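Enquirer: Take this sequence and fold it.
(one chain, ligands or ions: 2)
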Amino acid sequence: MITVEEHRAAVLAAVAPLEPRQVPLTEALDCVLAEDVVATLAVPPFDNSAMDGYAVRTEDVATAAGTTPVRLHVVADLPAGSGERPEVLPGTAVRIMTGAPMPPGADTIVPVEQTDQHVGPGAGSALPEVVEIRASAAVGAHLRRAGEDVSVGAPVLPAGVELGARELSTAASTGHGTLPVRPRVRLGVLSTGSELVAPGTALEHGQIPDSNSTLVAGLAATSGARPVPLGSVVDDAGALRARLRDSLPDVDAIVTTGGVSAGAYDVVKEVLAPLGEVTFSAVAMQPGKPQGFGVLRDGGRAVPIFCLPGNPVSVFVSYLAFVEPALRVMSGQGTTDEPETLRPPLLEAVVEVGWTCPPGRRQYMPVVLEESEDDAGTRVLLAHPAAAGGSGSHLVASLARAHALAIVEADVESVAVGDVVTVMMVP
Ligand SMILES: Nc1nc2c(c(=O)[nH]1)N[C@H]1C(S)=C(S)[C@@H](COP(=O)(O)OP(=O)(O)OC[C@H]3O[C@@H](n4cnc5c(N)ncnc54)[C@H](O)[C@@H]3O)O[C@H]1N2
Ligand code: MOO
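Expert: Ligands and ions are numbered 1, 2, ... in the order given. Predicted coordinates:
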């Protein structure tokens, strides 16, 4: 048996960040930015009004007040989006809406509420010939200056940042319709097993729902990859070979589940082992002992393939231990120089209900966490197994209850109430 660290090291040695690509903003969410980005547009891009009202000259309205209104001729209307540039000469005003460009000649805005005009749309909102201004205004009042937030050429997003909604709106507003990113990893998800039927299908005797496809696709999407569903194949070498061959051009990596242990029908091993570039190992962990990993060739491209065991809890643990770190390297979200960027956060918890551990294998026990206080009033996390049956790799329904995986080293025989264990938070 090899250790988890040895298997992970072999995986990480075989994967590399995907080549950067220019993608539309709509495809860039959750991607890592590959280059520094500077503003090609100022924000705001031009001087514009912050209020619906009238663009005027301050000197024209200097004496305006409720009791001494000033009457100005309205010479034009400027809704937002207007490309007109009507000049505001002395004694005139331009009606202006929020976001419309400031007309030449005007140096301030009087909100519509400080005039005699109707507020809002509908009846009474026609453009007046004359407007009565009922308040004076300072130079630049309610005016949003070009470049006030960002000027052209200013750095706005650094390489390496993970693009969320805020970063993407920054890119959009500073002139970018596309961005150079590490693309999302297209992860092919393939279940193997003649017993599998689609979730929700009525079962014949011996059949079970394929829950692994849903699990892996969901985990991939959660970590920013793009799952590519490859369905399920029966335990037939020819069918598996054909499905893998047909899928290769559309994916950057593949996860298969099932068919990797000692069974007479374990076709994943049967098909991939002879190719010479996929290795099958026993890893000292429970669940998740039988693991395959290697690369398939698509022309000159190496496509990493993870052959996880079929048991669903084994799939979950194996995904977090091996697939997630590799995807994080490929997408630029993490690096081997900083191992904490390759996995979910680790915390410590106090065991509330003990359990026994398998000999010679590191155990990953799905646990429920609860917050509590110790005798000194310090906040502590309490952990108990999520399933009555412990870390059995078939106890898939209990996964929904788990908050974390308690990691118990291979030399520990049992975990007792009050022990402190390391827990890895799970997606
Ligand atoms: N003689 C031995 N038998 C087994 C060993 C061993 O060392 N010697 N290892 C056991 C361990 S540990 C594991 S884990 C499993 C792994 O088996 P496989 O990867 O070959 O997986 P299968 O046999 O195809 O399936 C195992 C189990 O999982 C269910 N399954 C499979 N796919 C799905 C799916 N898509 N959705 C839901 N459930 C799935 C399947 O029906 C089986 O019950 O091998 C042990 N055996
Ligand atoms: O390694 Mo298996 O996943 O223990 O059941």
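Enquirer: and for the lowest-mean-pLDDT helix or strand in the chain, what are the contacting residues?
Expert: Within the chain, confidence by mean pLDDT, DSSP states H and E is lowest for helix 267-272 among all helices and strands, at a mean of 93. Counting by CB atoms under 8 Å, 6 or more residues apart in numbering, helix 267-272 makes contact with 192, 235-237, 240-241, 244, 256, 258-261, 278, 280, 292, 294, 305, 307, all of which sit outside it. The C-beta positions use only the backbone N, C-alpha and C, and glycine is treated the same way.
Enquirer: Kindly give a single PyMOL line that selects the buried subset of these.
Expert: Per 16 or more other CB atoms under 10 Å, the buried members of the contacts of helix 267-272 correspond to this PyMOL selection:
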select buried, resi 192+235+240+241+244+256+258+259+260+261+278+280+292+294+305+307
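Enquirer: Does ligand 1 have contacts with the longest strand anywhere in the chain?
Expert: With residue count as the measure and DSSP state E as the assignment, the chain has strand 362-373 as its longest strand. No: using CB under 6 Å from any ligand atom, strand 362-373 stays clear of ligand 1, coming no nearer than 12.2 Å.
Enquirer: Touching, P17 and R182? I think so.
Expert: Yes: A contact is recorded between P17 and R182 when judged using CB atoms under 8 Å, the distance being 5.8 Å.
Enquirer: Quick check: bridge partners of G292?
Expert: For G292, the beta-bridge partners under DSSP bridges are F280, C307.
Enquirer: ok, it - contacts?
Expert: If you count contacts by CB under 8 Å, 6+ apart, then G292 has 256, 260, 268-269, 272-273, 278-281, 305-308 around it.
Enquirer: who in this structure is up against ligand 1?
Expert: 191, 193, 195-196, 208, 210-212, 257-263, 266, 287, 289-290, 309-312, 314, 393-394.
Enquirer: Not counting the helix or strand containing V74 itself, show me its contacts.
Expert: In this structure, V74 sits in strand 70-78 according to DSSP states H and E. Outside of strand 70-78, the residues that reach it under the criterion CB under 8 Å, 6+ apart are 54-56, 60-61, 63-64, 84, 86, 88-89, 91-97, 100-101, 103, 127-133.
Enquirer: Pop out the phi and psi values for S169.
Expert: Backbone torsions for S169, taken as degrees, to the nearest 10, come to phi -70, psi -30.
Enquirer: What's the local residue count around it?
Expert: As a burial measure, S169 scores 11 neighbours (other CB atoms under 10 Å).
Enquirer: picking that back up, could you point out which element follows the longest strand of the chain?
Expert: Moving toward the C-terminus from strand 362-373, the next helix or strand (DSSP H and E) is strand 379-385.
Enquirer: average pLDDT for that next one?
Expert: Mean pLDDT, taken over the full extent of strand 379-385, equals 96.
Enquirer: Check the stretch 1-150 of the chain for the residue nearest ligand 2 and tell me.
Expert: The minimum distance from the stretch 1-150 of the chain to ligand 2, using CB to the nearest ligand atom, falls at M1 (10.8 Å).
Enquirer: Now that that residue has come up, it's in contact with G288, right?
Expert: No: counting by CB under 8 Å, M1 does not reach G288; the two are 11.7 Å apart.
Enquirer: Count the neighbours of the residue in the chain that ligand 1 sits nearest to for me.
Expert: Using CB to the nearest ligand atom, the single residue of the chain nearest to ligand 1 is G310, 2.6 Å away. Summarising burial for G310: neighbours were counted as other CB under 10 Å, giving 24.
Enquirer: Check L179 too.
Expert: Burial measure for L179: 24 neighbouring residues, criterion other CB under 10 Å.
Enquirer: what's the nearest residue to it if we skip its chain neighbours?
Expert: Spatially, and ignoring its direct neighbours in sequence, L179 is nearest to A28 (5.1 Å; CB to CB, 6 or more residues apart in numbering).
Enquirer: Give me the pLDDT value at the one you found.
Expert: At A28 the predicted local confidence, pLDDT, stands at 95.
Enquirer: Repeat that for P249.
Expert: The predicted local confidence for P249 comes out at a pLDDT of 96.
Enquirer: list the contacts for it?
Expert: Neighbouring residues of P249 by CB under 8 Å, 6+ apart: D298.
Enquirer: hang on, it in a strand?
Expert: No: using DSSP: H, G, I helix; E, B strand; the rest coil, the assignment for P249 is helix, not a strand.
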